[in-house]
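J.: Take this sequence and fold it.
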Amino acid sequence: MANERHPRLTPSGFEQPAPVRARRWPWVLGLGAVVVIALAWFEGGEEPLRPIAEEITLPEQGQ
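T.: Coordinates of the predicted model:
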């Protein structure tokens, strides 16, 4: 007969803690979000406008 006991239960019947991998993903996701926000803040700053001062020639209008 197959063992009907839950695989995460110890021989004494207590449940084992969740694997570390299952508890780590929220931290990794949060760290990734912080990195993306920091990069957006650092790289996404608005640059000041520079005036364009160049001579241009306009075509003469005929009468």
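J.: residues near I56, how many?
T.: 4 (other C-beta atoms under 10 Å). The way it works is simple: take the backbone N, C-alpha and C, and place the C-beta from them, glycine included.
J.: That one and L49, how far apart?
T.: According to C-beta to C-beta, to the nearest Å, I56 and L49 sit 19 Å apart.
J.: ok, now E60?
T.: As judged by C-beta to C-beta, E60 and L49 stand 32 Å apart.
J.: any idea where the helices of the chain begin and end?
T.: Secondary structure of the chain by DSSP state H: the helices cover 20-43.
J.: In it, where is pLDDT below threshold?
T.: 1-22, 62-63 (pLDDT under 70).
J.: count of neighbours near E54?
T.: Neighbour number of E54 under other C-beta under 10 Å is 4.
J.: show me the contacts for it.
T.: By C-beta atoms under 8 Å, 6 or more residues apart in numbering, no residues touch E54.
J.: Cool, thanks, talk later.
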